[in-house]
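In: Using only what follows, build the 3D model:
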Amino acid sequence: MHADFLRVVAGHEVTVHVPLHFINEDSCVGVKKSGGVISHTMTEVEVNCLPKDLPEFIEVDMAGVDLNQIVHLSDLKLRKALASRSWLRVLTTICRLPTFTLLALPLLTTRRLPKARSPRSNLPYDF
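Out: Predicted coordinates:
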């Protein structure tokens, strides 16, 4: 177990990393209707606030996110007491179609590809 302790003064702002909690990922429009997957590029955000206003986490609702739609930090609704240090058009999440690797390609084909011959020699080679 690990614990970090920080000495704070009630009237002074602190700068801390607050985790992002993503909700409604399974019922997301892009996942449910289009077969997309959610990719998270950020899992926490650095904020400045008074110690009394410090949230345990920030919720990111993914219910209305469609395929190829990007959720930026500036799209999140925060309390007025919070100020992000990186509150620009920073990407947090994207809903996109899944990608296949070349390793999965032989599993998708039902027949074996024929061997081809090199145009410069008679040696066969595989694709």
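
In: helix or strand for the nearest residue to S34 once chain neighbours are set aside, which one?
Out: Nearest residue to S34 in three dimensions, chain neighbours excluded: L67, at 4.1 Å (CB to CB, 6 or more residues apart in numbering). Every C-beta, even on glycine, is put in place using the N, C-alpha and C of the backbone. Using DSSP states H and E, L67 maps to neither a helix nor a strand.

In: Looks like V37 contacts I94 (just checking).
Out: No: with contact defined as CB atoms under 8 Å, V37 and I94 do not form a contacting pair (9.4 Å).

In: And the two? Which one has more around it.
Out: The neighbour count for V37 versus I94, taken as other CB atoms under 10 Å, is higher for I94 (18 against 15).

In: Please verify my assumption that that one contacts L67.
Out: No: here I94 lies out of contact with L67, judged by CB under 8 Å, at a distance of 9.7 Å.

In: looking at this, G30 is in a helix?
Out: Yes: secondary structure of G30 (DSSP: H, G, I helix; E, B strand; the rest coil): part of a helix.

In: List the residues that contact it.
Out: Taking CB atoms under 8 Å, 6 or more residues apart in numbering as the criterion, G30 is in contact with 36, 38, 65-69, 95-96.

In: returning to what we had before: roughly how far apart are the residue nearest to S34 and L20?
Out: 21 Å (CB to CB, to the nearest Å).

In: Would you mark the buried spots in stretch 56-67?
Out: Buried positions in stretch 56-67, judged by neighbour count with 16 or more other CB atoms under 10 Å: 58, 60, 62, 65, 67.

In: Tell me the one of those residues nearest S27?
Out: Nearest to S27, judged by CB to CB, of the buried residues of stretch 56-67 is M62 at 8.2 Å.

In: Surely the closest one is in contact with V71?
Out: Yes: M62 lies in contact with V71 (CB under 8 Å); the separation is 7.4 Å.

In: who touches both of these two?
Out: T93.

In: any idea how far the residue nearest to S34 lies from E25?
Out: 14 Å.
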